[in-house]
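Chemist: Pasting a predicted model and its sequence here:
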Amino acid sequence: MYRKTYAIIDGNQLEENVKKIKNKYSGYTYYIGVVKNNAYSHGFRVVRNLIKGGINYLAVSSLDEALSVRKFSRTIPILVLEPIDLEYMDDVMNNKITITVESLEYVKELNKINLPFTIKIHLKIDTGMNRLGFKTNKDVKEAIKIILKNDKLELEGIYSHFASSGIADVYYDQQLNTFLKLTKGIDLKEIPIVHLDRSLTLVTHEKLAFVTGVRLGIVLYGFSQNRRIIGLKGKLRELKRQLYLKRKHISKTILTNDLDVKEAFGLYSTVMSIRKVTKNEFVGYNASYKVKEDGFIATIPIGYADGVSKEFQYVVIHKKKYKIVADSMDMLMVLVDKNVKVKDKVEIFGDTISIKEVARTLNTNAYHVLNTITNRVPRIHKENDDTIEINY
């Protein structure tokens, strides 16, 4: 590591998170770990920790990602959530990748290929996201008929994706009803893996009787989706929510949970330079910050090319928050005091500032925070008592 900017990924914590999730939500047969975008920026190496914790299937966005994951496990099943161009079926078969089939046209074209080996298939049902998937019961039935007649096509799974939690809206129930309509006349018990829920709906709804699998995304990485009721305003909002649910005949929802998962991603850098500044001097591009009184500016070697900007507002040095006053592609300028020295460790988020806090500051969510940290930042993986640096 030549630039003292890095992420620490705690594989032991990820393993523990999986165990806690499986212990609390024990009714599933398949626990599908979603490791899109380099495992939510944690690095694909963590698939070993997830598997060790009890994940028995993985899901990725693309064939490229699936082949990257295969380097860390030759045996675990991997589902690609987007349709794969049919010209790459040799790579699919050679690496034992499970494919998503999302249209009747795709099934018909796939059926024309003379496949030397069996390909596992999961049918995607569009229940309202209007992103991918079958939209009619007729097409679903015809696709299944074609698949079952081809001994090189194995219908292993069927799934959909909920757009919302259903905590304060009707969409969860609407999508569930749509799924049941689109699969009417199909014996779901004959399909080994039926998976609808994702992290958010896992914790906000009771398990559906006919599902056998659950896709675990952000919850794996330390975000329980727990929604606490705090203060009088919180109680009033909850009362309003309950009245809404009753009026709209919405199914039972669960607002709070005691799932004790923890974040496993910390982002750090180092003070690279310190300079004295005097009142009324300017800092940064476009003279964006005007110094209010004599002080010190620390320059930190991390910037928006790494996924960190002045909108993060603060960094932590010696467990104290200091304000970011300017940014650039590769550096942050931070207003500090005389206690800060060159080579001091800088926390962007970690023990003091959580990813949740950063997300609130940015008016976004943990998904966006994690997935904007670029691969310029080396990942240092902690596993048991060992550490290893990964550069992407």
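Modeler: The structure has been received and is ready for your questions.

Chemist: From the recorded domain assignment, give the ranges for the protein.
Modeler: 11-248, 265-353 (automatic domain parsing).

Chemist: The ones you listed: which one's closest to residue 385?
Modeler: domain 11-248 (9.1 Å; CB to CB). The way it works is simple: take the backbone N, C-alpha and C, and place the C-beta from them, glycine included.

Chemist: and the domains of the chain as TSV, adding distance to residue 254, mean pLDDT and mean neighbour count?
Modeler: Formatted as TSV, the domains of the chain follow (distance: least, CB to CB, whole Å; pLDDT from 0 to 100; neighbours: other CB atoms under 10 Å):
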stretch	distance to residue 254	mean pLDDT	mean neighbour count
domain 11-248	5	95	18
domain 265-353	26	97	17
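
Chemist: Any chance of JSON lines for these, columns distance to residue 259?
Modeler: Formatted as JSON lines, the domains of the chain follow (distance: least, CB to CB, whole Å):
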{"stretch": "domain 11-248", "distance to residue 259": "4"}
{"stretch": "domain 265-353", "distance to residue 259": "18"}
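
Chemist: who wins for proximity to residue 378 among those domains?
Modeler: Comparing the domains of the chain by CB to CB, domain 11-248 comes nearest, at 9.5 Å.

Chemist: how long is the closest one from one end to the other?
Modeler: End-to-end distance for domain 11-248: 43 Å, by CA to CA, to the nearest Å.

Chemist: Could you give the separation of it from the chain centroid?
Modeler: Its chain's C-alpha centre and that of domain 11-248 lie 13 Å apart, by CA atoms, centre = their mean, to the nearest Å.

Chemist: returning to what we had before: so which of the domains of the chain gets nearest residue 386?
Modeler: domain 11-248 (9.4 Å).

Chemist: right, and the domains of the chain - which one's nearest residue 384?
Modeler: domain 11-248 (6.7 Å).

Chemist: returning to that earlier point: any idea which of the domains of the chain gets closest to residue 390?
Modeler: Across the domains of the chain, residue 390 has its closest neighbour in domain 11-248 (5.4 Å, CB to CB).

Chemist: Quick check: residue 79 is in a strand.
Modeler: Yes. Under DSSP: H, G, I helix; E, B strand; the rest coil, residue 79 sits within a strand.

Chemist: That one against residue 124, yeah?
Modeler: No. Using CB atoms under 8 Å, residue 79 is not in contact with residue 124; the gap is 10.3 Å.
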